[in-house]
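Q: from the sequence below, what's the structure:
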Amino acid sequence: MAEEDPGLSRKIARAFSGRFPWRACAGPGSPPTGGGGSPRWLHFWLALCLPVILTTALLLLGACVRVEREPPDPLAPYRLAMREGFEADLMALESAPRYALDITLDPGKEILTGTAQIRVVNYSQEPWRSLVFRLYPMLEQYGGQVTLFSVLVDGFPANYVYMADNTAIRIDLKTPLPGGRALTVDFAWRLNIPVWSDTPQVYALLGRSQGMTSLPLFYPSLAVYQPGPVMGAGRWWTEIGSVRGDAAFNVASLFVVTATLPADEIPVATGSLITATQVAPDRRQYVWVTGPVREFVLHMSPLFRQASEEAYGVQVTSYWLPGQEAAGRAALQYGVSALRIYSDLFAPYPFRTMSLAPAPLTYRGMEYPQVNLLGVELYGRYISDLEILVAHEVAHQWWYQIVHNDPVNAPWLDEALAEYAVKLYLEELYGSTRANLLQRQRWQAPVDLLVEQGRDAPLDRPVASFDDNRQYETVIYAKGALLYDQIRQTVGDRRFRRFLREYLADHRYGIVDTATWQDALQALQNPSLETLTANWVTGPGTPRPTPTPVGPLTGRR
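A: This is a model prediction of the structure:
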């Protein structure tokens, strides 16, 4: 229940200030208010005017109360995270989960304590008899430990059972939740944050290493409900994934996050920062709000330095560690360029901020909503790869964040397109010669070698089906990027660009699968694409492509 506005009485008082309805009843023969009048006159005028006074006052008071008590816009807080002109994106997401998180990270401790209130709307057509929440930090590849203290459904204690190797809980509802109806789930929990070695070779998605703390999905996260072929056959997504590839799959959600952190930590987070307040000598409290995002990440270090630049109305901020300023400023320029290029090619970036920061990810990268984390070795030993990784991760802000897919069972859907976006980026900045060189060295050569070794595989297969990391990356990234190049050559630049923009617009903040992608491709009405899809996506082998140089899609340098 919404709290009553504590200023309501004052607002009503101001509404009445200087207005006295009973004066409307005073005629020319009325006595002055300053005394000397006969009580009979007073009684007469009171008897005459009192009903009018009371009726008028009640009507005015009722009108004021109705205005003041009118329910506030429930989406208003989240609009603060959207760029001007994109607030309407929220209108189609009234049924999106809404998270109110309040967390504390104590100085000198690797423990996060938190509470969450999550508004859940049944967005399916069938009643939900249970809810499933993921505890992603419990995944083997994350290495965290979550302890739940309490779980409430609409304010009442709820029973739950662990599932999926303790990476999820199922809450059986006392009454099924019909489609379109909402309830509230409250959690109190503790997260033990893993501590990893302080070496640049560490690959740690969650935890503390090298003076940095990464906290993706540190909260109970509503699982994705996948409808079945018939009513009642749906299921909650509880895949565990593997150490290879991404593991998080989420519907677009809205967040308000209050975090009390050690005062020396410099946080990088999803959403827009609303307030930052010193609440104790050693603690600061931050409040962020988000637009529709897949998850909330909090990444921090007391060592971070930063610089910002605006691009298309977006504040792009790059962070770096001591001794990495040149690389950090280079990453900023790469990020700004990528945001501009992809905004022109795919769709305008809808949020107010985007960040890039080093993380304990060796020479790799990891995408989160509005946050692109880059391995520390990209700022030093592998700096020649920094621009390519920035271009790839920033592309994920469209292909993963705005258009989402199952990263465990169909990883090619976002990875292949984010990888091909790197070529589009290079074409726009440097021309086709450099872009084609990247294609030959980064994609074509590894795919050719894989084919020669008899290890080729279709694109549409789960992460766990690959023999090793090399086969996975070559097929999903390199072969996937080559597929998009073949599509582009088949339909031409103009139709290819239109395909990308329409594909994104049709599935904005939604979830796609391979069948959805194939339907979008069929809209191009080119029979050659069916053969291409059969050979590359679902078929057994990859025909050797014959690259044909093509010009940039927008002609902008």
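Q: burial count for the closest residue in space to Tyr477 that isn't next to it in sequence?
A: Leaving aside its sequence neighbours, Tyr477 sits nearest to Glu419 (CB to CB, 6 or more residues apart in numbering; 4.6 Å). In this view, the C-beta of every residue, glycine as well, is placed from N, C-alpha and C. Neighbour count for Glu419, taken as other CB atoms under 10 Å: 27.
Q: swap in Gln518?
A: By other CB under 10 Å, the residues close to Gln518 number 15.
Q: grab the nearest non-local neighbour of it.
A: In space, Gln518 is closest to Thr533, 6.2 Å off (CB to CB, 6+ apart).
Q: go on, Glu428?
A: Ranked by CB to CB, 6+ apart and with sequence neighbours excluded, the top spatial neighbour of Glu428 is Ile341, at 4.8 Å.
Q: one more: Tyr123?
A: Spatial nearest neighbour of Tyr123, excluding adjacent residues (CB to CB, 6+ apart): Ser95 at 4.8 Å.
Q: and for Leu273?
A: Per CB to CB, 6+ apart, closest to Leu273 is Trp288, 5.6 Å.
Q: the one you found should be in a strand, yeah?
A: Yes. According to DSSP: H, G, I helix; E, B strand; the rest coil, Trp288 belongs to a strand.
Q: need the contact list for it.
A: Contacts for Trp288 were tallied using CB atoms under 8 Å, 6 or more residues apart in numbering; they are 255-257, 259, 269-274, 296.
Q: which one of the residues you listed is nearest Leu389?
A: Within these, the smallest distance to Leu389 is 19.6 Å, found for Thr270 (CB to CB).
Q: return the distance of the closest one relative to Thr317.
A: To Thr317, Thr270 is 13 Å away according to CB to CB, to the nearest Å.
Q: more neighbours: which of the two?
A: Set side by side, Thr270 and Thr317 show more neighbours around Thr270, with 27 against 18, by other CB under 10 Å.
Q: return the residues in contact with the more buried one.
A: Per CB under 8 Å, 6+ apart, neighbours of Thr270: 255, 288, 290, 293, 295-298, 368-371.
Q: go again with 7 Å.
A: For Thr270, the contact set (CB atoms under 7 Å, 6 or more residues apart in numbering) comprises 288, 290, 293, 296-297, 368-371.
Q: need phi/psi at it.
A: Its backbone dihedrals place Thr270 at phi -60, psi 150, with angles given as degrees, to the nearest 10.
Q: start the count at 233 instead of 1 going forward.
A: Got it, the first residue is 233 from now on, which makes the last one we talked about Thr502.
Q: report the separation between it and Tyr310.
A: For Thr502, the distance to Tyr310 equals 12 Å [CB to CB].
Q: shared neighbours, the two?
A: Thr522.
Q: got the phi and psi for the nearest residue to Ala479 once chain neighbours are set aside?
A: The shortest distance from Ala479 to any non-neighbouring residue, by CB to CB, 6+ apart, is to Gly473 (3.7 Å). In terms of degrees, to the nearest 10, the main-chain angles of Gly473 are phi 70, psi -160.
Q: mind checking the backbone torsions on the residue nearest to Glu660?
A: phi -60, psi -50.
Q: separation between the residue nearest to Ile615 when sequence neighbours are not counted and Ser446?
A: Closest residue in space to Ile615, ignoring its immediate chain neighbours: Ala559 at 5.6 Å, by CB to CB, 6+ apart. Going from Ala559 to Ser446 by CB to CB gives 19 Å.
Q: kindly report the same for Tyr457.
A: To Ser446, Tyr457 is 28 Å away according to CB to CB.
Q: cool, and Val462?
A: Val462 sits 42 Å away from Ser446, going by CB to CB.
Q: following the helix or strand harbouring the residue nearest to Ile615, which helix or strand shows up next?
A: Here Ala559 sits within helix 557-577, counting by DSSP states H and E. Where DSSP H and E defines the elements, the next helix or strand beyond helix 557-577 is strand 585-591.
Q: show me what contacts the most centrally placed residue in the chain?
A: Most central in the chain under CA atoms, centre = their mean is Val525, positioned 2.0 Å from the mean C-alpha point. By CB under 7 Å, 6+ apart, the contact set of Val525 is 484-485, 487, 502, 601, 633.
Q: save the residues you listed as a markdown table, and put in distance to Gly545, pLDDT and secondary structure too.
A: Output for these, formatted as a markdown table (distance: CB to CB, whole Å; pLDDT from 0 to 100; DSSP: H, G, I helix; E, B strand; the rest coil):
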| residue | distance to Gly545 | pLDDT | secondary structure |
| --- | --- | --- | --- |
| Ala484 | 21 | 98 | coil |
| Ser485 | 24 | 99 | strand |
| Phe487 | 22 | 99 | strand |
| Thr502 | 18 | 99 | coil |
| Pro601 | 18 | 99 | coil |
| Gln633 | 18 | 98 | coil |
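Q: can you redo those residues as TSV with distance to Thr407?
A: Output for the contacts of Val525, formatted as TSV (distance: CB to CB, whole Å):
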residue	distance to Thr407
Ala484	27
Ser485	24
Phe487	27
Thr502	34
Pro601	33
Gln633	35
